[in-house]
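Colleague: pasting a predicted model and its sequence here:
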Amino acid sequence: YLTPGVEVTTGPVGQGIANGGGMSLMHQHLRAMFPSLFTHRIFCFAGDGCLQEGVALEAISVGGHWGSEMVLIWDDNKISIDGSTDLSFTEDVPAKFRACGWEVLTVHHGDTDLDEIRRVLAQAVEVKGKPVMVQLKTTIGYGSALAGSEKGHGSPL
């Protein structure tokens, strides 16, 4: 599948964060050499399961240390394929990102408030010199009979 503007899709959970982080760091290097050619930002979209993987935490740490300017949008719906994320994932995720040097922004009404999403994303791209994590609070399967349930993870709605 080819989608304009989408450079990488990954299968293994957590790999997208590492891909996005590497692309963002390379982008910064190229922007320093060719500033008029490299004016865009790298965006990465990740779910709860992605943030539970070790490879993701390593990429998050390196991105904060080296000042990656990636914008990571975290779909914080509190559901994994096995059920509620609190079955295996209870840490304070925004605090973890802050501890790694990231700016953290939150969209409180990700299911319904498109203006809030636009406003927070506009704020995210203005941050310079460090990566940004946008906590997008959503409900998995929003509007369906499976809303809020792990049954909405990959099932027909």
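Modeller: Sure, I can see it. Numbering: from 1, shown residues only.

Colleague: alpha carbons only for contacts and neighbour counts from here, please
Modeller: OK.

Colleague: what's the helix or strand where Leu72 lies packed up against?
Modeller: Per DSSP states H and E, Leu72 falls inside strand 71-76. On a contact count with 3 or more CA pairs under 8 Å, 6 or more residues apart in numbering; DSSP states H and E, strand 71-76 meets strand 43-47, strand 132-137.

Colleague: parallel or antiparallel, which strands does it pair with?
Modeller: Taking DSSP bridges as the criterion, strand 71-76 forms sheet pairs with strand 43-47 (parallel), strand 132-137 (parallel).

Colleague: then that strand to CSV, C-alphas only?
Modeller: What follows is strand 71-76 as a C-alpha-only set of coordinates in CSV (Å, rounded to 0.1, in the frame of the first residue of the first chain):
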residue,chain,number,x,y,z
VAL,A,71,6.3,14.2,16.9
LEU,A,72,5.0,11.0,18.3
ILE,A,73,1.2,10.7,18.6
TRP,A,74,0.3,8.1,21.2
ASP,A,75,-3.2,6.6,20.8
ASP,A,76,-3.9,6.3,24.6
